[in-house]
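J.: No letters, just coordinates:
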């Protein structure tokens with residue numbers, strides 16, 4: 001993420017990582033660095049240097065070291081130490097033009113792109129990430145479930161197709177169980193809600209899918225009664241035979 005800072009005639013953008021950078025810990029260095037970045041050419045322009053007209057490219061600043069010393073209120077040695085540090089850290093490059101210094105801000109384009117340029121890059125990155133994440137999610141939960149079975153985790157055989165159907169539904173919603181513990185917890189909850197009945201478990205996940213729910217819940221009374229009917233009928237027949 002970037003932070004926008006308004007200068008006198010526009011904006012510069014800073015990445016939040018600047019707060020973790022060594023230069024942020026030195027207030028004078030940080031101020032001087034902001035000055036260079038903020039005054040570097042945003043667009044290609046021309047500047048008179050001595051008797052010559054010089055092309056100044058985007059991200060470049062032409063200024064004398066004497067002027068920088070006046071602005072920063074530093075001595076020559078301190079300024080040159082500052083510049084040498086930035087050059088060694090690959091943050092700045094320096095050339096001499098007619099007794100003035102041309103400073104080139106490394107990676108200027110990376111951080112100071114226009115909103116439209118950033119938007120195009122961001123949309124491309126997001127699109128790539130969506131495809132990658134979707135492919136991962138498509139396999140993650142179902143593979144984790146099969147791994148649990150292979151590792152000897154006890155799952156009632158009749159529950160396996162029910163759970164696979166639920167995982168396919170979660171995949172289409174771009175949701176996933178990220179670890180074995182969460183998948184085991186889901187299975188335990190499904191057992192509890194269904195009374196260990198695969199038929200009721202099937203009704204439970206169908207109820208959630210029909211309502212576009214992200215989780216599973218106890219069956220509504222009407223569905224629960226319907227799911228229990230075959231079992232109730234068998235129990236009634238057995239009771240009549242005994243009687």
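T.: That came through fine. Just so it is clear, the model here is predicted, and its values are computed rather than measured.
J.: helix or strand for residue 61, which one?
T.: Residue 61 is located in strand 60-63, with elements delineated by DSSP states H and E.
J.: Can you name the residues in contact with that strand?
T.: 36, 39-41, 47, 49, 54, 56, 97, 100-105 (CB atoms under 8 Å, 6 or more residues apart in numbering). (C-beta placed from N, C-alpha, C; glycine too.)
J.: and it, which strands flank it?
T.: Here strand 60-63 is paired, per DSSP bridges, with strand 100-105 (antiparallel).
J.: Now do the same for the partner strand: mean pLDDT, whole number.
T.: For strand 100-105, mean pLDDT rounds to 91.
J.: continuing past that strand, what's the next helix or strand?
T.: That would be, after strand 100-105 and using DSSP H and E, helix 108-111.
J.: hang on, the earlier thing: now the angle from the next helix or strand after the strand holding residue 61 to strand 100-105?
T.: Sequence order places helix 65-72 as the next helix or strand after strand 60-63, per DSSP H and E. Calculated by axes from the mean of the first three to the mean of the last three CA atoms, to 10 degrees, helix 65-72 forms an angle of 60 degrees with strand 100-105.
J.: Report all helices and strands that helix 65-72 contacts.
T.: helix 27-39, helix 76-88 (3 or more CB pairs under 8 Å, 6 or more residues apart in numbering; DSSP states H and E).
J.: ok, 7 Å please
T.: Applying 3 or more CB pairs under 7 Å, 6 or more residues apart in numbering; DSSP states H and E, we find helix 65-72 packed against helix 76-88.
J.: What are the contacting residues of the helix it packs on?
T.: 29, 32, 65, 68-69, 72, 92-94 (CB atoms under 7 Å, 6 or more residues apart in numbering).
J.: Now with 8 Å, please.
T.: So helix 76-88 is contacted by 29, 32-33, 65, 68-69, 72, 74, 92-94, 103 (CB under 8 Å, 6+ apart).
J.: and the strand holding residue 61, how far from the chain's centre?
T.: 36 Å (CA atoms, centre = their mean, to the nearest Å).
J.: Poorly predicted segments of this protein, please.
T.: Along the chain, the parts satisfying pLDDT under 70 run over 1-11, 111, 113-139, 221-243.
J.: domains of this protein?
T.: The chain breaks down by automatic domain parsing into domains covering 2-111, 129-242.
J.: burial count for the closest residue to residue 32 other than its chain neighbours?
T.: The shortest distance from residue 32 to any non-neighbouring residue, by CB to CB, 6 or more residues apart in numbering, is to residue 72 (5.3 Å). Residues near residue 72, counting by other CB atoms under 10 Å, number 16.
J.: Residue 72 against residue 36, yeah?
T.: No. Residue 72 is not in contact with residue 36 according to CB atoms under 8 Å; the separation is 10.2 Å.
J.: the helices in the chain, which residues?
T.: 27-39, 65-72, 76-88, 108-111, 115-150, 160-172, 180-194, 198-210, 221-242 (DSSP state H).
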